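Q: My questions concern the predicted model and sequence given below.
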Amino acid sequence: MLSDRRQKVLAALIEEYVARALPVGSRTLTERYQLGVSPATVRNELSVLEDGGYIAQPHTSAGRIPTDQGYRAFVDDLLSQEGGEQEDERCQEAADKLRKSASELDDLVEQTSEALTRLTDCLSIVLAPSVLDLHIKQLSLISLTPTNALVVVVTEDGQVFNRHMDFAEEVSSDELARVQHLLNEVFGGNTLHDIEHGLGRGMSEAFADPLVRMTLDEVLSCLREGEGSRAHSLGFSSLLSQPEFSQSEAVLPVMQVLEDDTVLLHILDDTACQTDGRPTVRIGSENQASQLSGVSVVASRYGRGDSAGVVAVIGPTRMDYSKVLRAVRIAGTALGDL
C-alpha cells in the first residue's frame, strides 16, 4: 500500500509518461507538477518506487517509466475514487446523446464503437450478448418461392437474424404459416440453450414433424452464425499509430490475437462474468494471452442477467486510464438498457 505522497508522485509520473511516451526524470516532475515537496524528496520517492517495482529505469542515464505494477496501483486508486453523483449524471447525459443519435440497435452499437475510439484513440470493441443466452421474441417464415423461404429470428433485445432455407419439394405458404405458429408457441421466450436441450411445453411433439425439424435446424444455424459475428470493432489504425507499435515485431503478436475471433470472444466473455458493475482492467502481463503483454484491456459488462454484452478498449499500457474508464462507463450506460 503506497503512502499518499508516493501515490501522488507515481500518478504525476504516469500522467507525464502517458502524454509524452518518454522516460520521466525528477526535474520534470518538480517543474511541471505541484507535488508540494522538494526536488530531493521527489528523487527519494522515485528511488523507493523503483525499489518497490512500481517504476523502472530503461537506461542508466534516462528517467523512469511505469511498470505493470505501477499502472495497477494507479488504476486501483482511480477505481477507488470512481463514481459520485455528478460523474453519474455526466455519464448519463453522454449516454443519452448516444442513444438519441441511433435509430436502431445496430446503429447504436456502431455509434458506441465510434465514440469509444474517438474518445480514447485506441481500439474499441462492442461485444453483443451471446446469442446462446438471448430469449427469442418472434420467429417468421417468409415464403419467397415454393421451394425457398426466409427464416427471420427476432430476439427480445431487438437483434434480428435471418437465413435462407431451401426445400427439396414445394412447400405452400399455409404450411409455412402452420410451422411458424407452432414454433412461436413452443420457442417464444426460450433461449437457444433451451431449444437445443428440448425444454418447453410441446417441443417433443413438434420435433416429430419433418418440416418443423428442418426449420429448427435452420433456426439453430442462423443463431450460431450470429454468435460468430458478435464483436463490432473499430480503431485498429488508432492502435497501430501508437509509438509502442511502430515496429512490426511489437504489433504482429497483438494483431494475431485480435484477428482471431475465437480468442477474442474468450477474452471478452471472461469479462462478462464480472457482475459488480465496475470495469475490469487487465494490464500488460495480467492478460491471459501472452501476446497481449504489451497492451491493457479495459472492459465492462452491460445488460442484465444472462443477456449481457461487453464494451472494451484495447490500447498500450501507456493509455490514459482515467479517460478510458470514463469512456467505457458511458458506453456501458448507453447500451445498458438493451
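A: Great, that's in hand.
Q: For the closest residue in space to Tyr321 that isn't next to it in sequence, which three-state class applies?
A: Closest residue in space to Tyr321, ignoring its immediate chain neighbours: Val75 at 5.3 Å, by C-beta to C-beta, 6 or more residues apart in numbering. Glycine gets a C-beta too; all of them are placed from N, C-alpha and C. Secondary structure state of Val75, per DSSP: H, G, I helix; E, B strand; the rest coil, is helix.
Q: For Val75, give me its contacts.
A: By C-beta atoms under 8 Å, 6 or more residues apart in numbering, Val75 lies in contact with Val281, Ile283, Tyr321.
Q: Filter those down to the buried ones.
A: Val281, Ile283, Tyr321 (16 or more other C-beta atoms under 10 Å).
Q: which outside residues touch stretch 244-255?
A: Ala21, Phe236, Leu239, Leu240, Gln291, Leu292, Gly294, Val295, Pro316, Arg318.
Q: Would you point out the most distant pair within those?
A: Maximum pairwise distance in the contacts of stretch 244-255, criterion C-beta to C-beta, is 21.3 Å, between Ala21 and Gln291.
Q: follow-up on the earlier one: just give me the closest of the contacts of Val75 to Leu119.
A: Tyr321 (12.9 Å).
Q: List the contacts of the closest one.
A: Contacts of Tyr321 (C-beta under 8 Å, 6+ apart): Tyr71, Phe74, Val75, Leu78, Val281, Ser296, Val298.
Q: let's see 10 Å
A: Applying C-beta atoms under 10 Å, 6 or more residues apart in numbering to Tyr321 gives the contacts 14, 18, 71, 74-75, 77-79, 279, 281, 283, 296, 298, 313, 315.
Q: can you give me the helices for the stretch 1-150 of the chain?
A: Counting by DSSP state H, counting those that start in this stretch, the segments of the stretch 1-150 of the chain that form helices are 4-20, 26-32, 39-51, 68-81, 85-100, 105-120.
Q: what number of residues lie near Asn184?
A: 16 (other C-beta atoms under 10 Å).
Q: Repeat that for Thr262.
A: 8.
Q: cool, Arg278 as well?
A: Every residue meeting other C-beta under 10 Å relative to Arg278 is counted, giving 14.
Q: Return the distance of the closest residue to it other than its chain neighbours relative to Leu268.
A: Spatial nearest neighbour of Arg278, chain neighbours left out: Leu79 (6.4 Å); criterion: C-beta to C-beta, 6+ apart. Separation of Leu79 from Leu268 (C-beta to C-beta, to the nearest Å) stands at 19 Å.
Q: Neighbour count: these two, which is higher?
A: In terms of neighbours (other C-beta under 10 Å), Leu268 is the more surrounded of Leu79 and Leu268; the figures are 23 against 14.
Q: Any regions of the stretch 201-338 of the chain where pLDDT drops low?
A: 201-206, 227-229, 269, 271-277, 304-307, 337-338 (pLDDT under 70).
Q: Tell me where it has strands.
A: For the stretch 201-338 of the chain, the strands defined by DSSP state E, counting those that start in this stretch occupy 231-234, 280-283, 295-304, 307-316.
Q: At which residues are the helices of the stretch 151-300 of the chain located?
A: Under DSSP H, counting those that start in this stretch, the stretch 151-300 of the chain gives helices at 173-187, 192-196, 203-207, 210-227, 236-240, 248-258, 261-272.
Q: So for Glu50, which of those sits nearest?
A: The nearest among these, by C-beta to C-beta, is helix 248-258 at 24.2 Å.
Q: For the closest one, which residues meet the burial criterion?
A: In terms of neighbour count (16+ other C-beta under 10 Å), helix 248-258 has its buried residues at Val251, Pro253, Val254, Val257, Leu258.
Q: ok, back up a step: check contacts around the residue nearest to Arg278.
A: By C-beta under 10 Å, 6+ apart, the residues touching Leu79 are Arg278, Pro279, Val281, Tyr321, Leu325.
Q: Mind picking the one among the residues you listed that's closest to Glu45?
A: Closest to Glu45 out of the contacts of Leu79 is Tyr321 (20.8 Å), distances taken as C-beta to C-beta.
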